[in-house]
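Peer 1: Give me the fold of what follows.
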Amino acid sequence: MNDHCGLCGAKLTSMDTMLGENKLSDGNILCNKCLEKASNINQELLYSLSDFSIDDIKSLIENGKIDPGTDHQNKITEESQNENLPTVASSGSNIISPDFYKKRRKEIKNQLEQLNANLSMFTKGEIKELPRILFADETILAITDAQFSKTVDAGILVVTQKRIISVSKAMFSLVKVNDFPNETIKEVSFVSHFLSPIIKIHTDEKIVEFECFNDKDDAEKFYSFIKKIYNKEEAKKQLDTVKQVSSDAVLEQLEKLGQLREGGILTEEEFAEQKRKLLGKL
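Peer 2: As a prediction, this is how the structure comes out:
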């Protein structure tokens, strides 16, 4: 068994193989660090890594490109002319023109920058598919790394003004999309964990759980945002409680004012003025 990175020679860790080995066409395996370094030069590696050999990867890192004349180079050149469009997606994606895809991809990139999105390198495939998944009038309000609980499929949770969307795309598979329209969501909840907190979406039919392995602080920030949208009933209960406490406090103050008036400490005019101010707080 090959348990060392074919590029840097480092011993592979559990994190390097958690989402499946980064295996090349010649049997070599890359660690996540080397895969990220190479994919920053050519993102296509994230989707067709098994088409490349270790010599291709070395040439890519040393020269910024793969040696000319190879099948890989011809394929990359052809795809670069189409702005590196995503692979054909599942039924969860919309069929759109290349020009519209490029326009939406730019818009989505700007939205993610404005949100200061903190996403892992493993979500590049999902991000690449978003122009095909989101409707033209949808805007990303929040996003975080999240995958279905008890699965190995990495993915993202996206919140728009219309729905919550789960997007996952294994390295050599079509994209999987699950959406939860706002009208079907009863509430959301959060289970804290020092490594992988869980975000739960409660619908009329079921409760769907998502684990957040990448950044627990980002997951908490994401939940803090969406609970303001979907937990309106909880917020209403809290507001009613505050109002009840406020009402009880005012009535208590009115009772004390009455005692001061009866004791001759307050005149009728002073009592009436203070009473008016207290009742104005209700």
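
Peer 1: From here on, just use CA atoms for contacts and neighbour counts.
Peer 2: OK.

Peer 1: Tell me where the stretch 1-150 of the chain has strands.
Peer 2: In the stretch 1-150 of the chain, the strands defined using DSSP state E, counting those that start in this stretch lie at 22-23, 29-30, 142-145, 147-148.

Peer 1: And the ones you listed: which comes nearest His4?
Peer 2: Between His4 and these, the shortest separation by Cα to Cα is 7.2 Å, and it involves strand 29-30.

Peer 1: what's the offset of that closest one from the middle of its chain?
Peer 2: Counting by Cα atoms, centre = their mean, to the nearest Å, strand 29-30 is centred 27 Å from the centre of its parent chain.

Peer 1: Poorly predicted segments of the chain, please.
Peer 2: 1, 15, 17-21, 43-44, 46-47, 67-94, 171-173, 233-246, 281-282 (pLDDT under 70).

Peer 1: How about the spatially most central residue of it: which residues does it bridge to?
Peer 2: The centroid of the chain falls nearest to Thr144 when counting by Cα atoms, centre = their mean (2.0 Å). On the basis of DSSP bridges, Thr144 is bridged to Leu157.

Peer 1: My guess is it contacts Leu119. True?
Peer 2: Yes - with contact defined as Cα atoms under 8 Å, Thr144 reaches Leu119; the gap is 6.4 Å.

Peer 1: Show me which residues of stretch 198-212 are buried.
Peer 2: By 16 or more other Cα atoms under 10 Å, the buried positions in stretch 198-212 come out as 198-203, 209-212.

Peer 1: Next, give me the two most distant ones among those.
Peer 2: Thr203 and Cys212 (19.8 Å).

Peer 1: Buried deepest among the strands of the stretch 1-150 of the chain, which one?
Peer 2: strand 29-30 (a mean of 28; mean count of other Cα atoms under 10 Å).

Peer 1: in its sheet, what does that strand sit against?
Peer 2: Its sheet considered, strand 29-30 pairs with strand 22-23 (antiparallel) by DSSP bridges.

Peer 1: phi, psi of Lys216?
Peer 2: phi -70, psi -30 (degrees, to the nearest 10).

Peer 1: actually Asn214, not the one I typed
Peer 2: Note on Asn214: its backbone torsions stand at phi -70, psi -50 [degrees, to the nearest 10].

Peer 1: Go ahead and confirm it touches Gly155.
Peer 2: No - using Cα under 8 Å, Asn214 makes no contact with Gly155, being 10.4 Å away.

Peer 1: on that earlier part again, okay if I get the strands of the stretch 1-150 of the chain as CSV plus distance to Asn231?
Peer 2: Output for these, formatted as CSV (distance: least, Cα to Cα, whole Å):
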stretch, distance to Asn231
strand 22-23, 41
strand 29-30, 44
strand 142-145, 16
strand 147-148, 21
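
Peer 1: nearest to Leu12, of these?
Peer 2: Evaluated over those, closeness to Leu12 peaks at strand 29-30, with 8.2 Å, by Cα to Cα.
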